[in-house]
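K.L.:
structural data only, the sequence is not supplied:
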């Protein structure tokens, strides 16, 4: 069984590994508690792009994966 500390460590690593644009939107929403409109203005993106980035982040975190280039696995 995984400890809460191990789970938190995996979550932090997953967030840190997100592409910069997704990480900025995630941090604005869940760390800074900044509103969607304010984040869009600050990042220079429109609402649809904000929604796309946040959806991508949440999907990746739920699956335990991070979007971006794939890394070959060793067998």
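P.N.:
Yes, it's here. Predicted model, so just to flag it, every value in this text is computed and none were measured.
K.L.:
what's the helix or strand for the residue minimising distance to the centre of the chain?
P.N.:
Central residue of the chain (CA atoms, centre = their mean): residue 57, 3.8 Å from the mean position. Per DSSP states H and E, residue 57 falls inside helix 47-63.
K.L.:
give me the helices and strands touching that helix, please.
P.N.:
helix 4-16, helix 20-26, helix 36-43 (3 or more CB pairs under 8 Å, 6 or more residues apart in numbering; DSSP states H and E). Any C-beta I mention is one placed from the backbone N, CA and C, and that applies to glycine too.
K.L.:
which one, of those helices, ends up nearest to residue 62?
P.N.:
Minimum separation from residue 62 across these (CB to CB) falls at helix 4-16, 10.4 Å.
K.L.:
where does the protein dip in pLDDT?
P.N.:
For the chain, residues meeting the criterion pLDDT under 70 lie at 1-2, 65-75.
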